[in-house]
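1. could you look at this predicted model? Sequence included:
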Amino acid sequence: MKGYKAFQKGLICRGYKFEEGKVFEEEEAKICESGFHFCTNPLDTLDYYPLIDDNGDLTEFATVEALDATLTDGNKKYCTRKIKIGTKLDLNGFIEAGFNFIKESCKAKSTGAKKIVQKKDGVKVATSGYSSQVATSGSFSKVATSGDSSKVATSGDSSQVATSGSFSKVAT
(Lines give C-alpha, C1' and ligand atoms only; values in the text may rest on other atoms or scores of the structure.)
Protein backbone atom coordinates (compact mmCIF):
# COMPACT_ATOMS: atom_id res chain seq x y z
CA MET A 1 0.00 0.00 0.00
CA LYS A 2 1.36 3.42 -0.94
CA GLY A 3 0.93 6.59 1.06
CA TYR A 4 2.51 9.67 2.62
CA LYS A 5 4.33 10.30 5.86
CA ALA A 6 5.15 13.51 7.72
CA PHE A 7 8.35 14.06 9.70
CA GLN A 8 10.08 16.54 11.92
CA LYS A 9 13.01 18.35 10.30
CA GLY A 10 15.66 15.84 9.25
CA LEU A 11 13.14 13.07 8.40
CA ILE A 12 12.72 12.23 12.09
CA CYS A 13 9.59 10.58 13.49
CA ARG A 14 9.12 9.06 16.94
CA GLY A 15 12.85 8.78 17.51
CA TYR A 16 13.66 7.22 14.13
CA LYS A 17 15.96 8.96 11.69
CA PHE A 18 14.57 7.93 8.30
CA GLU A 19 16.30 8.07 4.92
CA GLU A 20 14.95 8.18 1.38
CA GLY A 21 14.97 4.81 -0.38
CA LYS A 22 15.56 2.76 2.79
CA VAL A 23 13.39 0.09 4.44
CA PHE A 24 12.62 0.17 8.17
CA GLU A 25 11.11 -2.63 10.24
CA GLU A 26 9.73 -3.10 13.76
CA GLU A 27 8.59 -6.25 15.54
CA GLU A 28 4.93 -5.25 15.76
CA ALA A 29 2.47 -2.62 14.58
CA LYS A 30 -0.24 -1.06 16.76
CA ILE A 31 -1.94 2.22 15.88
CA CYS A 32 -0.45 5.06 17.99
CA GLU A 33 1.82 2.65 19.90
CA SER A 34 4.32 0.93 17.62
CA GLY A 35 5.10 0.39 13.97
CA PHE A 36 5.28 2.99 11.25
CA HIS A 37 2.35 5.32 10.61
CA PHE A 38 1.29 6.95 7.34
CA CYS A 39 -1.77 8.25 5.48
CA THR A 40 -3.03 7.54 1.98
CA ASN A 41 -4.25 11.14 1.68
CA PRO A 42 -1.22 13.44 1.98
CA LEU A 43 -3.35 16.20 3.55
CA ASP A 44 -4.36 13.85 6.39
CA THR A 45 -0.75 13.98 7.62
CA LEU A 46 -1.53 17.53 8.77
CA ASP A 47 -3.77 16.03 11.45
CA TYR A 48 -0.65 14.61 13.11
CA TYR A 49 2.02 17.20 12.25
CA PRO A 50 1.60 20.97 11.90
CA LEU A 51 2.63 22.37 8.53
CA ILE A 52 5.07 24.63 10.36
CA ASP A 53 6.44 23.54 13.75
CA ASP A 54 7.07 25.65 16.86
CA ASN A 55 10.61 26.43 15.61
CA GLY A 56 9.29 27.82 12.33
CA ASP A 57 10.49 24.79 10.35
CA LEU A 58 8.34 23.33 7.60
CA THR A 59 7.26 19.76 8.31
CA GLU A 60 8.92 17.33 5.92
CA PHE A 61 6.91 14.88 3.82
CA ALA A 62 7.75 11.76 1.82
CA THR A 63 6.05 9.08 -0.19
CA VAL A 64 6.05 5.69 1.51
CA GLU A 65 5.15 2.10 0.78
CA ALA A 66 3.93 -0.40 3.39
CA LEU A 67 5.79 -3.68 2.82
CA ASP A 68 3.70 -5.67 5.30
CA ALA A 69 0.06 -5.89 6.42
CA THR A 70 -1.54 -2.61 7.50
CA LEU A 71 -3.85 -1.63 10.34
CA THR A 72 -6.09 1.43 10.22
CA ASP A 73 -8.12 3.62 12.54
CA GLY A 74 -10.97 4.23 10.11
CA ASN A 75 -9.13 4.50 6.78
CA LYS A 76 -7.32 7.72 7.68
CA LYS A 77 -4.19 6.69 9.57
CA TYR A 78 -2.44 3.43 8.71
CA CYS A 79 0.23 1.46 10.53
CA THR A 80 2.61 -1.26 9.39
CA ARG A 81 5.65 -2.98 10.84
CA LYS A 82 7.70 -2.65 7.63
CA ILE A 83 7.89 0.52 5.52
CA LYS A 84 9.96 1.84 2.64
CA ILE A 85 10.58 5.59 2.57
CA GLY A 86 10.26 6.91 -0.97
CA THR A 87 10.91 10.36 -2.33
CA LYS A 88 11.03 13.38 -0.02
CA LEU A 89 8.51 16.02 -1.15
CA ASP A 90 9.09 19.76 -1.09
CA LEU A 91 6.08 21.99 -0.36
CA ASN A 92 5.10 22.16 -4.04
CA GLY A 93 5.32 18.37 -4.31
CA PHE A 94 3.19 17.98 -1.18
CA ILE A 95 0.57 20.39 -2.53
CA GLU A 96 0.55 18.63 -5.90
CA ALA A 97 0.17 15.22 -4.20
CA GLY A 98 -2.77 16.59 -2.17
CA PHE A 99 -4.42 18.04 -5.24
CA ASN A 100 -3.93 14.82 -7.21
CA PHE A 101 -5.38 12.77 -4.34
CA ILE A 102 -8.47 15.00 -4.22
CA LYS A 103 -8.82 14.95 -8.01
CA GLU A 104 -8.64 11.14 -8.09
CA SER A 105 -11.07 10.88 -5.17
CA CYS A 106 -13.54 13.08 -7.05
CA LYS A 107 -13.24 10.87 -10.12
CA ALA A 108 -13.78 7.74 -8.02
CA LYS A 109 -16.74 9.25 -6.18
CA SER A 110 -18.43 11.02 -9.08
CA THR A 111 -21.83 10.66 -7.44
CA GLY A 112 -22.27 13.52 -5.00
CA ALA A 113 -18.72 14.81 -5.44
CA LYS A 114 -18.03 18.53 -5.19
CA LYS A 115 -17.35 20.28 -8.49
CA ILE A 116 -13.91 21.57 -9.27
CA VAL A 117 -14.03 24.25 -11.94
CA GLN A 118 -10.90 24.99 -13.94
CA LYS A 119 -10.43 28.27 -15.76
CA LYS A 120 -7.83 29.06 -18.40
CA ASP A 121 -5.61 31.23 -16.16
CA GLY A 122 -6.09 29.46 -12.84
CA VAL A 123 -8.20 27.25 -10.64
CA LYS A 124 -10.87 28.41 -8.20
CA VAL A 125 -12.19 25.99 -5.59
CA ALA A 126 -14.68 26.27 -2.71
CA THR A 127 -15.46 23.46 -0.25
CA SER A 128 -17.35 23.25 3.00
CA GLY A 129 -18.16 20.62 5.60
CA TYR A 130 -16.34 18.59 8.20
CA SER A 131 -12.79 17.62 7.26
CA SER A 132 -12.81 19.69 4.04
CA GLN A 133 -9.46 19.41 2.26
CA VAL A 134 -8.19 21.45 -0.67
CA ALA A 135 -4.92 21.92 -2.50
CA THR A 136 -4.45 24.31 -5.44
CA SER A 137 -1.41 25.37 -7.38
CA GLY A 138 -0.76 28.00 -10.02
CA SER A 139 -0.79 31.73 -10.53
CA PHE A 140 -3.82 33.48 -9.02
CA SER A 141 -5.03 30.35 -7.16
CA LYS A 142 -7.90 31.15 -4.82
CA VAL A 143 -9.29 28.87 -2.12
CA ALA A 144 -12.03 29.12 0.48
CA THR A 145 -12.88 26.35 2.96
CA SER A 146 -15.04 26.12 6.04
CA GLY A 147 -15.86 23.42 8.56
CA ASP A 148 -14.10 21.60 11.36
CA SER A 149 -10.62 20.33 10.47
CA SER A 150 -10.46 22.34 7.21
CA LYS A 151 -7.06 22.16 5.50
CA VAL A 152 -5.71 24.32 2.69
CA ALA A 153 -2.47 24.50 0.77
CA THR A 154 -1.87 26.87 -2.16
CA SER A 155 1.11 27.94 -4.19
CA GLY A 156 1.70 30.37 -7.01
CA ASP A 157 1.83 34.10 -7.60
CA SER A 158 -1.07 36.02 -6.03
CA SER A 159 -2.36 33.00 -4.05
CA GLN A 160 -5.29 33.86 -1.80
CA VAL A 161 -6.70 31.75 1.04
CA ALA A 162 -9.59 32.01 3.48
CA THR A 163 -10.49 29.34 6.06
CA SER A 164 -12.84 29.07 9.00
CA GLY A 165 -13.73 26.43 11.54
CA SER A 166 -12.01 24.60 14.34
CA PHE A 167 -8.53 23.26 13.52
CA SER A 168 -8.24 25.19 10.22
CA LYS A 169 -4.75 24.92 8.67
CA VAL A 170 -3.29 27.08 5.91
CA ALA A 171 -0.11 27.19 3.83
CA THR A 172 0.42 29.62 0.98
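-> Perfect, thanks for sending it. Just so we're clear, the structure is a prediction, and the values are computed from it rather than from any experiment.
2. so how far is residue 5 from the residue lying closest to residue 10 once chain neighbours are set aside?
-> In this structure, residue 10 finds its nearest non-sequential neighbour in residue 17, 6.8 Å apart by Cβ to Cβ, 6 or more residues apart in numbering. (C-beta placed from N, C-alpha, C; glycine too.) Separation of residue 17 from residue 5 (Cβ to Cβ, to the nearest Å): 13 Å.
3. between the two, which is the more surrounded one?
-> residue 5 (25 against 10; other Cβ atoms under 10 Å).
4. would you agree the more buried one is in contact with residue 14?
-> No: using Cβ atoms under 8 Å, residue 5 is not in contact with residue 14, being 10.9 Å away.
5. what sits against the residue nearest to residue 40 when sequence neighbours are not counted?
-> Spatial nearest neighbour of residue 40, excluding adjacent residues (Cβ to Cβ, 6+ apart): residue 3 at 4.6 Å. When contacts are counted by Cβ atoms under 8 Å, 6 or more residues apart in numbering, residue 3 touches 38-40, 63-66, 78.
6. in helices, which of those appear?
-> Assigned to helices by DSSP state H, none of the contacts of residue 3 qualify.
7. quick one: contacts for residue 108?
-> By Cβ under 8 Å, 6+ apart, no residues touch residue 108.
8. please report how far it lies from residue 100.
-> 12 Å.
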